[in-house]
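> could you look at this predicted model? Sequence included:
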Amino acid sequence: MPRRPSPAPRSPAPHRIAPACFSNAGLYAGLTAGPPAGLREKSENWTDYPWSERHLQCVWFDPAYRPAALTTATGEPVTVEEPGMWNQEAGPDFVNATLRIGGPAGRVLKGDVEVHVRPADWRRHGHEADPRYRNVVAHVTYFPGPLPDGLLPPGAVALALREGLARNRGFAFDLIDVASYPWPVRAVTPPCAALFRGMTPEELAGFLDSAGERRMQLKAARMLATAEERDREQMLYEEILSALGYKHNRMPFRLLARRVPVQTLRQYAKGDTLRAYALLAGVSGLLPDRPNAAWDEETRRFIRKVWDAWWKLQEQWGDHALSRKEWRLAGVRPVNHPLRRLMAAAVLASDRTSLSAKLISFVDPEHDRFLERLTKAFAETPADAYWSHRLGLMAKRRETPVALIGEERATAIVVNVAIPFLAAEGHLGPAHQALLRALPPEHDNSLIRTTARLLLGRDHNPALYRGALRQQGLIQLFQDFCLLDRSRCQTCPLPAAIRES
Ligand code: SF4
């Protein structure tokens, strides 16, 4: 009898905005919600758009995400011949764009583009009275909706992205790495650094903890939105695979999870990890198509077994396969090689117990070290006989077993996936805040290092953020302020918000 995936246990109603375990997030959120001169352009209504305006700017800029078929608010087709240059100064988001309106023989608009979440944000940010926005030819928003006549510059069009993005089944906001797009240089000595230096270690720790909780709170809100769009098991599977792709292959792992949905994988695998691995490895496009003369006998046998399963699937799945070019393999540490990580994905996803049930089963009503046990469970995910002693197809067999996921990745999965999920589902409360603070740090994250140097000074003590929650806080600060500032810190609202708090 084929084994069926276990249904997830019943959960309390999801917490839509602020899970109780993140009650300190409000301290930081208060700093980011103030009025601000076009710099804080982010929707606070996380129930219908839990992403940032920066995500929309990336969509507009990148043809890989921008919908091919766009229309103006009055129904005219729009061809984006040039999205414009990403503006690194104050003013519209993109300059020198070229759009053709009304089909191939239509009129051409050349000028600037401003991107917002909602049509009303144009007025909310006071752009109609700002001369820097007079050359705007397109107001691009996520949501469609009316804007009173005469607010946009003469001849400018309004267009919305939501429907075009919804038509693209391969698109997800979480595919976008917002920090990998252009962002301007900061002041050599940013004004916030002096304020952070003036804080006591306890004040700084509290501030970073609060920002970290805010980041987790937002992750939880995004998970809720994604789970509503697809289902929560698929959402968790995508998140876990993305975390396994650290740090260069998050995107192809996520794409793979979309192409081979978790329920399909389970139904095909029937609890057999090798079958699940064959399907994932085949669709990944990374399965070698011929033996390598340098392989030893065990490797040849292993790959032959994988091929025995994959060749029967090729006709159905071959067209879904990713290209090898979509993966970054150069410079990837052997332990992180995608072919190895795919076995971890196969083991986790082909288990009879659903991912959500597994995570929830770790919650301990006594609040006693359950995150530690959860991390250990991920870190010690059992490997198959081949990968438990190998770092690569060309590598020699190791006498001592090598962890398939390991503690570092396991911590990242717990911080980035498990905690936001459990919080969103209402399984974490105020009593868990101490556990959040005790989470071990992630290693080797250049964004954390860069932000720490910028905000805390080159000679700061790394012990100040020796914990996953404070690291998350640094990333949130970077995304909320540094990434959006185009004034070399001069008009960044953070220093004033700190002084007033
Ligand atoms: S942009 Fe703001 S938060 Fe970032 S370094 Fe400058 S002052 Fe600090």
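Structure received.
> when you work out contacts or count neighbours from here on, use the C-alpha atoms and nothing else.
Will do.
> Thr451 versus the closest residue to the ligand within the stretch 101-250 of the chain, what's the distance?
In the stretch 101-250 of the chain, no residue comes nearer to the ligand than Cys192, which is 4.4 Å away by CA to the nearest ligand atom. Plainly put, Cys192 is 12 Å away from Thr451 if you go by CA to CA, to the nearest Å.
> surely the residue of the stretch 101-250 of the chain closest to the ligand is within a helix?
Yes. Counting by DSSP: H, G, I helix; E, B strand; the rest coil, one finds Cys192 located in a helix.
> in this protein, which ranges drop under the pLDDT threshold?
Within the chain, the stretches with pLDDT under 70 are 1-20, 33-47, 185-187, 365-368, 444.
> what about the strands in it?
Here the chain has its strands, by DSSP state E, at 70-71, 77-82, 85-86, 94-101, 107-116, 136-141, 157-160.
> how about Asp351: what's its closest non-neighbour residue?
Leaving aside its chain neighbours, Asp351 sits nearest to Gly271 (6.0 Å; criterion: CA to CA, 6 or more residues apart in numbering).
> isn't the one you found up against Leu348?
No. The criterion here is CA atoms under 8 Å, and Gly271 misses it with Leu348 at 10.4 Å.
> list of residues touching stretch 250-264?
If you take CA atoms under 8 Å, 6 or more residues apart in numbering as the criterion, stretch 250-264 is touched by 170, 175, 233-234, 237-239, 241-245, 280, 283-284, 320, 322, 326-327, 349.
> which members of those are classed as buried?
For the contacts of stretch 250-264, a neighbour count by 16 or more other CA atoms under 10 Å gives the buried set as 175, 233-234, 237-239, 241-245, 280, 283-284, 320, 322, 327, 349.
> can you list the domains in this protein?
Taking automatic domain parsing as the reference, the chain has its domains at 66-170, 230-423.
> on that earlier part again, most tightly surrounded among the strands of the chain?
Most buried of the strands of the chain, by mean neighbour count (mean count of other CA atoms under 10 Å): strand 136-141, with a mean of 25.
> so which elements touch that strand?
When contacts are defined as 3 or more CA pairs under 8 Å, 6 or more residues apart in numbering; DSSP states H and E, strand 136-141 sits against strand 107-116, strand 157-160.
> that strand pairs with which strands, and in what direction?
According to DSSP bridges, strand 136-141 forms sheet pairs with strand 107-116 (parallel), strand 157-160 (parallel).
> how about these in a markdown table, adding distance to Val78?
What follows is the strands paired with strand 136-141, written out as a markdown table (distance: least, CA to CA, whole Å):
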| stretch | distance to Val78 |
| --- | --- |
| strand 107-116 | 10 |
| strand 157-160 | 9 |
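> give me every residue in the stretch 351-500 of the chain lying close to the ligand.
Within the stretch 351-500 of the chain, the positions lying close to the ligand (CA under 6 Å from any ligand atom) are Leu454, Leu455, Phe481, Cys482, Asp485, Cys489, Cys492, Leu494.
> from the chain's centre, how far out does the lengthiest helix in the chain sit?
Scanning the chain for the longest helix, with DSSP state H as the assignment, gives helix 201-229. Averaging C-alpha positions (CA atoms, centre = their mean, to the nearest Å) puts helix 201-229 13 Å from its chain's average.
> pick out the residue of the stretch 301-450 of the chain closest to the ligand.
Counting by CA to the nearest ligand atom, the stretch 301-450 of the chain gets nearest the ligand through Thr450, at 10.4 Å.
> how many other residues sit next to that residue?
For Thr450, the neighbour count with other CA atoms under 10 Å is 15.
> what does Asp177 give?
Residues lying near Asp177 (other CA under 10 Å) number 12.
> what about it, distance to Leu342?
Using CA to CA, Asp177 is found at 21 Å from Leu342.
> how about the contacts made by the residue lying closest to Gln476 once chain neighbours are set aside?
Among residues not flanking Gln476 along the chain, Arg215 sits closest, at 5.8 Å (CA to CA, 6+ apart). By CA under 8 Å, 6+ apart, the residues touching Arg215 are Gln472, Gly473, Gln476.
> the last one and Ala211 touch, don't they?
Which is Gln476. Yes. Taking contacts as CA under 8 Å, Gln476 lies within contact range of Ala211: 6.3 Å.
> those two - which one has more neighbours?
Neighbour count, other CA under 10 Å: between Gln476 and Ala211, Ala211 has more, with 29 against 24.
> so the more buried one touches Arg470, yeah?
Yes. Applying CA under 8 Å, one finds Ala211 in contact with Arg470, separated by 7.5 Å.
> gap between the most centrally placed residue in the chain and Ser284?
Centroid check for the chain by CA atoms, centre = their mean gives Asp174 as the closest residue, at 4.3 Å. Per CA to CA, Asp174 is found 19 Å from Ser284.
> cool, Val115 as well?
Relative to Ser284, and taking CA to CA, Val115 is found at 34 Å.
> Glu500 is nearest to which of the domains of the chain?
Across the domains of the chain, Glu500 has its closest neighbour in domain 66-170 (21.7 Å, CA to CA).
> my guess is Arg369 meets Gln433, correct?
No. Using CA under 8 Å, Arg369 is not in contact with Gln433; the gap is 11.9 Å.
> neighbour count: the two, which is higher?
More crowded of Arg369 and Gln433, by other CA under 10 Å: Gln433, with 17 against 14.
> and that one, what is it in contact with?
Gln433 makes contact with Cys21, Phe22, according to CA under 8 Å, 6+ apart.
> let's see 7 Å
Cys21 (CA atoms under 7 Å, 6 or more residues apart in numbering).
> again with Thr299
Leu393.
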